[in-house]
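*Asks:* predicted model, plus sequence, below.
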Amino acid sequence: MSTFTIRDGAGFEVFRNAITGLADEMAITILRTAHSQIVASSMDFSSALCDARGQIVAQANTCPVHLGSIPDAMEAVLDQFGADLSDGDVFILNDPDRGGMHLPDIFTVSPVFLDERLLGFSVTVVNHTDVGGWAAGSMAVQSTSIFAEGVQIPPVRLVNGGVLNEDLHQLILRNVREPHLLDGDLQSQLSACHAGGAGMRALAVKYGVEEFDRLCGELLRYSESLVRAALVEAPDGVYSFEDQIDDDGIESGPIPFKVEVTLEGGDIAFDFTGSSPQVASALNATASFTRSACYAALQGALGSDIPANSGFYRAFRFVIPDGSILSGRRPSARGARGLVGYRLIDTVLGALAPAFPDRVPAAGDGGPNSVAVGVVEDDGSSVILWDVLCGSWGATVGGDGNDGISPLGANLANTPVEELEQSGHIRIDGYGYLPDTGGPGTYRGGVSTFRDMTVLHDTATMQIRSDRRDSRPYGLAGGLEGRPSANVLNSGTPDEQLLPTKPHLTVRGGSRHRQVTAGAGGYGDPLRREAVRVLDDVLDGKVSVEGALRDYGVVIDRDTGVVMEPGTSNERAARVAAHSGNM
């Protein structure tokens, strides 16, 4: 492996932070100007800066599974418009077969010029509340064709030399349920692209165009060198793992994911041969999204300050079967492909665990639950409420899993209760953690999050996406699985009904829905967990007295709230002896 040397370390670091801060400024622009709940509160968006060749130079600390797809979006734009770029242009796209991921994710790409010299591109991608189709929110698992999912936008020029293409703009808005929200979020993307472009020009003026371009190239080489150095530290070899999604939401399951990861001399290769063929529902992903999930998994495993740019990606090689759930063919539906990304991350991390035993956690919740509630007002207008509910992370070799946190690949936030309730169409009746749900281990997996919702409108549609009910989050090094997820209609009433993991249903006013994320996996033998830590969990409401005995062999006096000795030691010794006798 060749050695990379930075010419001017201090000057390079100033530039690196300047251009990364500029990408973050773009993200803050979106966050502060977006109109929809899913963007402004749940933060389902991303931003990045690319060089003149379309390579990512800097990206904001936003949604990792978005950002690895930007090179494909850039390639699609450059293939069609590379010879016809002008200052003030903005291109948009969402077509999964033309650089996109799924239809709600709309990319904006703006070329940046200085004195007629192309410096690069400012890029954003935002998950819009709705882009049309048969189901509110445009992400129904039950969609069987992309033609049912909403408006498809190939790479097209939305702004020409600073002038908005109003005809195209109105055509898009006419095809969505909440045009004011899409328009507001789209305008926030355009503002972010403008901020990114202005900042990039300022940097080019400060450093000079040639030096700016050289520093961008140096930044890519820097990331590549750090990734390869980290990979060299791991033992070369072939590592494999299998995981699954419970079902496709229509007719089949489980859906298998298989990966073979090869580490060799600073290179890393992923072979997904044997994974599920594309499915009938909307769970299919694009190859770009599959690659993004792998980038995010390794970045999480390395856990170091390696700039995530196109240089980071150079060490990667892929075998992604065409026509699989990881690279669906048109006209397959792909609206619910997010779940595939989360399961890919779990699968890849499971494979990497032996190579990076001190860095890889047990499986987390498997991805946030999402519930899209659709209401049609008396005047025919639509209201869509997105309840994004994040669960927890798996335990690690040195600590318990975090609770109530976004999964590794997303950087999302739980939707605030106040925003869900402000329309007057739903009420949140309960929100919190559930005890005895985190996978037992020397270090405990994060616990499940629940939310109780009552529908107040006369009727509403609900599109639910969840998983990890049958295929529970795995533990590592002797740690146990987390508890399964659940969706319950009219919970706590005589009409209580356990729903499938991915239903689409119409409910009446007064209907109550409880969603529960899966608990995360544990790490290490539960009988080795310190009794005082188990007691702390009981006092914090994360483990019950019964769970302390059942899962950890710790006897706690319910009345005094203390660990009982020698009862605990005797209980644990008896279990160890019983286990040894059965071997």
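*Replies:* Now that the structure is in, tell me what you want to look at.

*Asks:* please report how far the closest residue to T517 other than its chain neighbours lies from A296.
*Replies:* Leaving out its chain neighbours, the residue that sits closest to T517 by CB to CB, 6 or more residues apart in numbering is G391, at 3.1 Å. C-beta here means a position set from N, CA and C on the backbone, and glycine is covered the same way. Noted for G391: a distance of 17 Å to A296, by CB to CB, to the nearest Å.

*Asks:* tell me which of these two has more neighbours.
*Replies:* Taking neighbours as other CB atoms under 10 Å, G391 and A296 compare with G391 leading, 37 against 28.

*Asks:* where does the stretch 101-250 of the chain dip in pLDDT?
*Replies:* For the stretch 101-250 of the chain, applying pLDDT under 70 flags no range at all.

*Asks:* tally of neighbours for N17?
*Replies:* Look at N17: counted by other CB under 10 Å, it has 11 neighbours.

*Asks:* now what about the helix or strand encompassing I172, what contacts it?
*Replies:* Using DSSP states H and E, I172 sits in helix 166-174. Applying CB atoms under 8 Å, 6 or more residues apart in numbering, the contact partners of helix 166-174 are 151, 153, 156, 158, 179, 182-183.

*Asks:* again with stretch 534-544
*Replies:* Here stretch 534-544 makes contact (CB under 8 Å, 6+ apart) with 403, 433, 435-436, 438, 444, 447, 545, 548, 551-552, 554, 556, 561-563.

*Asks:* change it to 10 Å
*Replies:* 400, 403, 432-438, 440, 444, 446-447, 519, 526, 529-530, 533, 545-556, 558, 561-563, 568 (CB atoms under 10 Å, 6 or more residues apart in numbering).

*Asks:* of the residues you listed, buried ones?
*Replies:* Among the contacts of stretch 534-544, those classed as buried by 16 or more other CB atoms under 10 Å are 400, 403, 433-438, 440, 444, 446-447, 519, 526, 529, 533, 545, 547-549, 551-556, 563, 568.

*Asks:* hang on, the earlier thing: okay, and which of the contacts of helix 166-174 map to strands?
*Replies:* In this view, the contacts of helix 166-174 that belong to strands under DSSP state E are 156, 158.

*Asks:* and the two most separated of the contacts of helix 166-174?
*Replies:* Within the contacts of helix 166-174, V156 and P179 form the most distant pair, 18.1 Å apart (CB to CB).

*Asks:* buried sites along stretch 13-28?
*Replies:* 15-16, 18-20, 22-27.

*Asks:* among the residues you listed, which are in helices?
*Replies:* Among the buried residues of stretch 13-28, the members falling in helices are 15-16, 18-20, 22-27 (criterion: DSSP state H).

*Asks:* skipping its backbone neighbours, what lies nearest F257 in space?
*Replies:* Leaving aside its sequence neighbours, F257 sits nearest to T347 (CB to CB, 6+ apart; 4.5 Å).

*Asks:* ok now whichever strand or helix holds that neighbour, how far from the chain's centre?
*Replies:* Taking DSSP H and E as the definition, one finds T347 inside helix 338-352. Counting by CA atoms, centre = their mean, to the nearest Å, helix 338-352 is centred 10 Å from the centre of its parent chain.

*Asks:* sheet partners, orientation included, of the next helix or strand after that helix?
*Replies:* Next helix or strand after helix 338-352 toward the C-terminus (DSSP H and E): strand 369-376. Strand 369-376 pairs in its sheet with strand 382-389 (antiparallel), strand 459-465 (antiparallel), by DSSP bridges.

*Asks:* ok, which of these comes nearest T290?
*Replies:* Using CB to CB as the measure, strand 459-465 is the one of the strands paired with strand 369-376 that comes nearest T290, at 18.4 Å.

*Asks:* could you pull out the buried residues of that closest one?
*Replies:* Of the residues in strand 459-465, 460-465 count as buried by neighbour count, 16+ other CB under 10 Å.

*Asks:* that strand to helix 338-352, inter-axis angle?
*Replies:* 20 degrees (axes from the mean of the first three to the mean of the last three CA atoms, to 10 degrees).

*Asks:* which SSE is immediately downstream of strand 459-465?
*Replies:* Using DSSP H and E, the helix or strand that directly follows strand 459-465 along the chain is strand 486-489.

*Asks:* helices or strands up against that following strand?
*Replies:* Applying 3 or more CB pairs under 10 Å, 6 or more residues apart in numbering; DSSP states H and E, one finds that strand 486-489 contacts strand 369-376, strand 448-455, strand 459-465, strand 497-498, strand 512-516.

*Asks:* the strands in the stretch 201-350 of the chain, which residues?
*Replies:* Counting by DSSP state E, counting those that start in this stretch, the stretch 201-350 of the chain has strands at residues 237-245, 255-264, 267-271, 316-319.

*Asks:* tell me the buried residues in the shortest one?
*Replies:* It refers to strand 316-319. Neighbour counts over strand 316-319 (16+ other CB under 10 Å) mark F316 as buried.

*Asks:* average pLDDT for that strand?
*Replies:* Computed over strand 316-319, the mean pLDDT rounds to 98.

*Asks:* got the CA positions of that strand in PDB?
*Replies:* Only the C-alpha atoms of strand 316-319 are listed here, as PDB (Å, rounded to 0.1, in the frame of the first residue of the first chain):
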ATOM      1  CA  PHE A 316     -14.600  -0.900  -1.800                       C
ATOM      2  CA  ARG A 317     -15.500  -3.600  -4.300                       C
ATOM      3  CA  PHE A 318     -19.000  -5.000  -4.800                       C
ATOM      4  CA  VAL A 319     -20.900  -8.000  -6.300                       C
END
